[in-house]
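Peer 1: Coordinates for the following, if possible.
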Amino acid sequence: MLLKKLMQSIQYTEIVNRSGLDPEATEVISLCFDSRKASPSSLFVCIPGTVSDGHNFIDKAYKKGCRIFVVEHTTEALEDDCFVIVTTDTRIALAQLSAQFFDHPSDEMTIIGITGTKGKTTSSLMIYHILNNSGIPTGYIGSNGICFGDYTFGTVNTTPESYDLHFYMKKMLSVGVRTLVMEVSSQALKMARVFGIHFDICVFTNLSPDHIGEHEHPDFDDYKKCKQSFFTDYGADYIVYNADDEYSPEMIGTTRCDKAGVSIHANAPFRAENISFYRSPANIGVSFTCLHASEAYPVSVAFPGEFSVYNALTAIAVCARLGLNAGEIAKTMRDIRVKGRFETYELPNGATAVIDYAHNGVSLKAALQALRAYEPNRLICLFGSVGGRTRNRRAELGLVASRDADFCILTSDNPDSEPPSAIIGEIATYFTNGTCPYIAIADRKKAIEYALSHSQRGDIILLAGKGHESYQLICGVREDFSESEIIRQFCLIN
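Peer 2: Just a heads-up that it's a prediction; the model follows:
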């Protein structure tokens, strides 16, 4: 695309061009924000990150031949033969440039965005499966990757950078996918990753303190305001919200579009009653009756707990807005499974292992309480906490697990450059007299094998924190690690 056309998509304060380059005759073959991907025909956008700043990598992009830069400020690294575009916010510029470069793919799609502290992944993937099973080709972008048609790609962030979003939306259109369900994280909103995208349906699941700390949100108010902006700044035509969450009025109260609440405890357009829990081999789930438009539909999902009812109601409400019959939606939900979200395995000895992404105090408490309702012989919890950030989670996790589990195994969870023993030691300080017993095993694979081999018939073992992740982050390196594979291997030899 011609540089001149790209420049028309952004607001800039200054052009520094001592290179003699002509924007009307210069073709840009690629956009990049990672200097390792720069080339002589690319435009490099210097975006500030939570840890590093793209402005510090100008020299590396230059050495790869790149001569066109979008910056927030000039630096000595910019040589005289560079074409420099100065703007006030390079993250917004990256979003605008990406949309222009890929010919605004989001304008041709129906886009469903889901935000909230918990429930984004499960609700999104429920919607993804229901729509595809109903003959509506649909894509998914979120914690569990990028999926559309026969394609699956991994993601580093729940919501990828704006360039990646537009790149994959363009790919979706090329194979006939014109509906997309996307998890929208608070960080994505704060860092303009979804800037300029029109969301046809916006969903609010719930809100509780999370992602607060160094390199994330400075406080709960900032976290809350970022979430709230999703419902005011992204053109929602329709909002689905949790009518039982105390923050719903604050989140969606000022918006003037159509809305539909989901509820267990109040009167709402989509309401659940007659909730019951069931447990069978390799299956822990919940059943309920969905009441909508004077009709009642039986619903059963292979996920435990009251929060799974909210996720299911959310999926039903979104799909009904897209023209599907609520009764038909309910029929397709029984067979939906989501990797890393209450992923259940029946062990040879009659115990049950459950893999779930619960990685903070609120989600771990909800997971343990949900599993407690199934009356396990013992409720065993294996967990750790990430290194280098969100240290406040360690207190939350330790306090919750020590009170709500019968036995705990403290282990590693993406320790990165922090010694696992230090993280475990900090969590262990919250296991005081009168709380459940625990053991510390830093090697997560050995910890899982210990949990499985020491389990008894009727036990439920919750492997918390990793969920869908297929790696362990150790000293900056993502090492292959699969909890489901460890369980499968255990079942094979026992």
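Peer 1: Quick check, Ser134 in contact with Met333.
Peer 2: No - if you go by C-beta atoms under 8 Å, Ser134 and Met333 don't touch, sitting 11.7 Å apart. For glycine as for every other residue, the C-beta is placed from the backbone atoms N, C-alpha and C.
Peer 1: which one of the two has more residues nearby?
Peer 2: More neighbours surround Met333 than the other of Ser134 and Met333, with 23 against 16 (other C-beta atoms under 10 Å).
Peer 1: per-residue confidence for the more buried one?
Peer 2: On pLDDT, Met333 comes in at 90.
Peer 1: In contact with the closest residue to it other than its chain neighbours, which residues?
Peer 2: In space, and not counting its chain neighbours, Met333 is closest to Val301: 5.2 Å by C-beta to C-beta, 6 or more residues apart in numbering. Contacts for Val301 were tallied using C-beta atoms under 8 Å, 6 or more residues apart in numbering; they are 126, 285-287, 308, 311-312, 333-334, 336.
Peer 1: And for Tyr128?
Peer 2: Tyr128 neighbours (C-beta under 8 Å, 6+ apart): 138-140, 147, 181.
Peer 1: Ranking by neighbours, what's the top pick from those?
Peer 2: Counting neighbours by other C-beta under 10 Å, the top entry in the contacts of Tyr128 is Val181, with 28 neighbours.
Peer 1: Pairing-wise in the sheet, spell out the partners of it.
Peer 2: Beta-bridge pairing of Val181 under DSSP bridges involves Ile112, Tyr140.
Peer 1: do you know how far it is from Ile197?
Peer 2: From Val181 across to Ile197, the span is 13 Å (C-beta to C-beta, to the nearest Å).
Peer 1: which parts of stretch 28-39 are buried?
Peer 2: 28, 31-33, 35, 38 (16 or more other C-beta atoms under 10 Å).
Peer 1: swap in stretch 164-175?
Peer 2: Within stretch 164-175, the residues that qualify as buried are 164-173, counting by 16+ other C-beta under 10 Å.
Peer 1: just curious, which of these is nearest to Glu479?
Peer 2: Checking these against Glu479 with C-beta to C-beta, the nearest one is Asp164 at 23.5 Å.
Peer 1: Going along the chain, name the helices of the stretch 351-494 of the chain.
Peer 2: All helices of the stretch 351-494 of the chain, identified by DSSP state H, counting those that start in this stretch, fall at 361-372, 392-404, 420-428, 444-453, 483-493.
Peer 1: hey, C-alpha coordinates of the third one in CSV?
Peer 2: To tie it back to what came earlier, the one meant is helix 420-428. C-alpha atoms of helix 420-428 as CSV (Å, rounded to 0.1, in the frame of the first residue of the first chain):
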residue,chain,number,x,y,z
PRO,A,420,9.7,-20.9,42.5
SER,A,421,10.7,-21.6,46.1
ALA,A,422,10.3,-17.9,46.9
ILE,A,423,6.8,-17.7,45.4
ILE,A,424,5.7,-20.9,47.1
GLY,A,425,7.2,-19.7,50.4
GLU,A,426,5.2,-16.5,50.2
ILE,A,427,1.9,-18.4,49.5
ALA,A,428,2.7,-20.8,52.3
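Peer 1: Compute the distance between the closest residue to Ile146 other than its chain neighbours and Met172, please.
Peer 2: Computed as C-beta to C-beta, 6+ apart, the closest residue to Ile146 that is not its neighbour in sequence is Phe153, at 4.3 Å. Distance of Phe153 to Met172, computed by C-beta to C-beta: 11 Å.
Peer 1: Then Lys331?
Peer 2: As judged by C-beta to C-beta, Lys331 and Met172 stand 27 Å apart.
Peer 1: What number of residues are in the vicinity of Thr314?
Peer 2: Using other C-beta under 10 Å, Thr314 is surrounded by 28 other residues.
Peer 1: My error: substitute Glu479 in the last question.
Peer 2: A count of nearby residues for Glu479, using other C-beta under 10 Å, gives 9.
Peer 1: Now do the residue lying closest to Thr13 once chain neighbours are set aside, the pLDDT please.
Peer 2: In this structure, Thr13 finds its nearest non-sequential neighbour in Val86, 5.2 Å apart by C-beta to C-beta, 6+ apart. Listed pLDDT for Val86 reads 96.
Peer 1: got the contact list for Val86?
Peer 2: Under the criterion of C-beta under 8 Å, 6+ apart, the neighbours of Val86 are 12-16, 71-74.
Peer 1: Tell me the one among these nearest to Pro420.
Peer 2: Out of these, the member with the shortest distance to Pro420 (by C-beta to C-beta) is Glu72, at 37.8 Å.
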